[in-house]
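> predicted model and sequence below, questions to follow.
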Amino acid sequence: IDIKSLRAATNGLITLDSGYKNTGSCESAITFLDGEKGILRYRGYSIEELAEKADFLEVAYLLIFGELPTSDQLNKFHTDIMNNSMVDEDVHKILDAFPKNAHPMGVLTSLTSGLIAFNPSSVNVDSEEEMYRAIVKILGQFPVLVAWVMRKKKGLPLNYGSKKLGYVDNMMKMMFEVPIEEYKMNHIVRDALDKLLILHADHEQNCSTSTVRIVGSSHAGLFASLSAGISALWGPLHGGANQAVLEMLEAIKADGGDTKKYMAKAKDKSDPFRLMGFGHRVYKNFDPRARIIKVAADEVLNDLGIKDPILDIAKGLEKEALEDQYFVDRKLYPNVDFYSGIIYRAMGIPVEMFTVMFALGRLPGWIAQWREMRLRKEPIGRPRQLYIGETERKFKAISDR
Ligand code: ACO
């Protein structure tokens with residue numbers, strides 16, 4: 001049956017699926033996710049193997065172009081990105097105009113769409129070559145924005161990267177270079193950051209990725225689509241959960257560390273409180289990313305000689321939830337955001353920057369999904385609705401209302 005006859009036969013029948021819990025919005029060859037078995041694969045490679053053996057830029061290449069790069073391909077990709085990493089000086093002025101206490105996610109989304117003004121050729125991209133140019137530009141400039149946003153938050157002078165460094169090392173240089181003398185950078189911290197970015201790099205049709213695809217489906221440019229994705233990620237039910245988790249753990253600590261009290265609050269339906277960092281729309285047994293991050297959190301804190309009491313609170317909450325009928329029945333387990341903030345904090349990243357770090361990791365996934373959507377020539381995204389409002393009414397003049 002062809003689509004026209006199907007439409008005619010169903011007479012405009014609409015599927016209502018709030019939150020798109022069972023609705024596929026596209027076909028995709030990028031990320032495979034089995035929520036029951038806790039499997040996550042990028043382009044067929046398991047997340048466990050990639051987190052252990054690959055570096056972030058290799059994974060970015062894999063997600064965007066579909067294959068692991070050869071060393072020549074990776075070198076070229078890195079060079080192209082670095083050659084596009086100069087952010088226009090006027091972007092400084094825009095950044096300066098934001099108040100210091102502005103939330104970094106708000107600043108990042110504004111600066112990302114602001115980049116369009118400085119790179120107008122990034123907007124109408126149809127060919128693969130034009131797409132490639134826009135992709136290496138944003139991969140080059142986005143980390144600079146992230147570093148600048150963080151340094152502004154910390155009251156530090158803005159800083160530039162070095163083309164000679166690898167993608168993640170350069171990121172660390174821009175973010176942490178002296179005068180943070182007390183910062184003890186070492187390979188465990190660098191590897192942990194690399195791992196965190198890989199683990200966040202894609203996650204099929206989540207809220208922010210669907211946003212990027214739907215905005216891009218109107219042929220708005222890549223940077224505009226990404227800026228919309230950043231806004232979607234900000235919410236505490238999505239990427240904003242990593243900040244919310246740390247604030248929750250701090251609140252529990254300040255309240256005497258009584259985890260049972262917060263478990264009870266989370267279960268109380270008259271209380272809007274939720275255990276942040278718990279639950280996932282798709283994972284119903286465990287989140288494979290959370291398992292890897294939990295181990296990394298132990299390693300990083302041990303290596304830096306940090307004894308963070310909130311790590312113990314987090315582990316205590318996880319243990320209690322695993323034995324609690326409410327959480328077991330609803331299949332609520334720690335998600336990717338539960339332990340990541342503990343690592344970010346140990347690295348000296350301010351809590352309001354946590355979701356920005358998530359965005360940095362998710363950037364290649366958003367790009368890959370946008371590119372796939374454009375190359376497949378997907379139609380504009382345009383869901384329908386079931387109208388439940390008033391039927392037809394006659395207009396009343398304002399004097400008669
Ligand atoms: N704490 C307490 N109860 C919860 C939690 C939680 N964290 N998460 C879900 N529940 C309960 C709901 O109250 C609901 O209970 P009910 O069936 O008795 O009404 C049931 O579990 C199902 O929850 P839904 O909200 O319907 O599940 P949904 O798939 O729509 O939401 C979500 C998933 C948004 C992740 C949710 O679990 C949540 O709000 N978690 C906390 C925020 C969070 O950690 N978000 C990050 C997710 S990962 C990411 O986006 C990167």
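On my side now, so go ahead.
> pretty sure residue 45 sits against residue 63.
No: Residue 45 is beyond contact range of residue 63, at 10.1 Å (criterion: CB atoms under 8 Å). Glycine gets a C-beta too; all of them are placed from N, C-alpha and C.
> tell me which of these two has more neighbours.
Between residue 45 and residue 63, counting by other CB atoms under 10 Å, residue 63 is the more crowded of the two (25 against 16).
> what does the helix or strand encompassing that one contact?
In the assignment (DSSP states H and E), residue 63 maps to helix 56-65. In this structure, residues lying in contact with helix 56-65 by CB atoms under 8 Å, 6 or more residues apart in numbering are 30-31, 42-43, 45, 50, 54, 67-69, 73-74, 77-78, 81, 135, 139, 166-168, 194, 197-198, 201-202, 361, 363-365, 367-368, 371.
> gap between the residue in the chain that the ligand sits nearest to and residue 335?
Nearest residue of the chain to the ligand (CB to the nearest ligand atom) works out as residue 279 at 2.3 Å. Note on residue 279: its distance to residue 335, by CB to CB, to the nearest Å, is 7 Å.
> looking at those two, which has the bigger crowd around it?
residue 335 (24 against 21).
> what pLDDT does the more buried one get?
pLDDT recorded at residue 335 is 91.
> equivalent analysis for residue 400, please.
So residue 400 comes in at 97 (pLDDT).
> if I look at it, how far off is residue 389?
On the measure of CB to CB, residue 400 and residue 389 end up 21 Å apart.
> pass me the low-pLDDT residue ranges in this structure, would you?
1-12, 178-186 (pLDDT under 70).
> could you rerun that using 80?
1-12, 177-188 (pLDDT under 80).
> in whichever helix in it runs longest, what's buried?
Counting by DSSP state H, the longest helix found in the chain is helix 128-153. By 16 or more other CB atoms under 10 Å, the buried positions in helix 128-153 come out as 131-153.
> and for stretch 38-58?
38, 40-43, 45, 47-48, 50-51, 54-58.
> of all those residues, which two lie farthest apart?
38 and 57 (26.4 Å; CB to CB).
> so which of the buried residues of stretch 38-58 belong to strands?
40, 41, 42, 45 (DSSP state E).
> just the closest of those to residue 112, please.
residue 42 (23.3 Å).
> write down the beta-bridge partners of the closest one, one by one.
Residue 42 forms beta bridges with residue 31, residue 45, as assigned by DSSP bridges.
> tell me which parts of the stretch 251-400 of the chain are close to the ligand?
Within the stretch 251-400 of the chain, the positions near the ligand by CB under 6 Å from any ligand atom are 266, 274-281, 330, 332, 335-337.
> could you tell me how many residues sit around residue 97?
10.
> which residues touch it?
So residue 97 contacts nothing (CB under 8 Å, 6+ apart).
> for it, what are phi and psi?
Torsion angles at residue 97 (phi, psi; degrees, to the nearest 10) stand at phi -70, psi -20.
> ok, it to residue 355 distance?
22 Å.
> and if you look at residue 275?
Taken as CB to CB, the span from residue 275 to residue 355 is 18 Å.
> between those two, who's got more neighbours?
residue 355 (28 against 23).
> name the SS class of that one, please.
Secondary structure state of residue 355, per DSSP: H, G, I helix; E, B strand; the rest coil, is helix.
> surely it touches residue 107?
No: assessed by CB under 8 Å, residue 355 is found out of contact with residue 107, at 11.8 Å.
> how about the residues of the stretch 101-250 of the chain near the ligand?
Near the ligand, when you scan the stretch 101-250 of the chain using CB under 6 Å from any ligand atom, you find 206, 237, 238, 239, 241.
> in helices only, show me the residues you listed.
residue 241.
> and the buried ones among the residues of the stretch 101-250 of the chain next to the ligand, selectable in PyMOL?
A single PyMOL command selects the buried members of these (16+ other CB under 10 Å):
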select buried, resi 206+238+239+241
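> now, which of the residues of the stretch 101-250 of the chain next to the ligand sits nearest residue 225?
residue 206 (14.6 Å).
> excluding its backbone neighbours, what's nearest that closest one?
The spatially closest residue to residue 206, leaving aside those adjacent along the chain, is residue 238, at 6.9 Å (CB to CB, 6 or more residues apart in numbering).
> how about residue 154?
Once flanking residues are discounted, residue 154 sits nearest to residue 350: 6.6 Å by CB to CB, 6+ apart.
> for the one you found, give its distance to residue 92.
20 Å.
> and for residue 174?
Distance from residue 174 to residue 92, counting by CB to CB: 14 Å.
> and those two? which has more neighbours close in?
Taking other CB under 10 Å, residue 174 and residue 92 do not tie; residue 174 has more neighbours (22 against 13).
> quick check, that one in contact with residue 156.
No: using CB under 8 Å, residue 174 is not in contact with residue 156; the gap is 10.7 Å.
> off-centre distance for stretch 69-84?
In this view, stretch 69-84 has its centroid 23 Å away from the chain centroid, taken as CA atoms, centre = their mean, to the nearest Å.
> one more: stretch 280-290?
That offset, for stretch 280-290, works out to 16 Å (CA atoms, centre = their mean).
> please identify the buried residues of it?
280, 282, 283, 284, 286, 287, 288, 289, 290.
> end-to-end on it?
This stretch, stretch 280-290, spans 11 Å end to end (CA to CA, to the nearest Å).
> got a list of contacts for it?
Applying CB under 8 Å, 6+ apart, the set of residues contacting stretch 280-290 is 19, 21, 33, 35-40, 47-48, 199-200, 206, 331, 333-336, 338-339.
> just checking, which of those belong to helices?
47, 48, 199, 200, 338, 339.
> secondary structure class for the residue lying closest to the fourth one once chain neighbours are set aside?
I take that to be residue 200. For residue 200, ignoring the flanking residues on the chain, the nearest one in space by CB to CB, 6+ apart is residue 361 at 3.1 Å. Recorded secondary structure, residue 361: helix (three-state DSSP).
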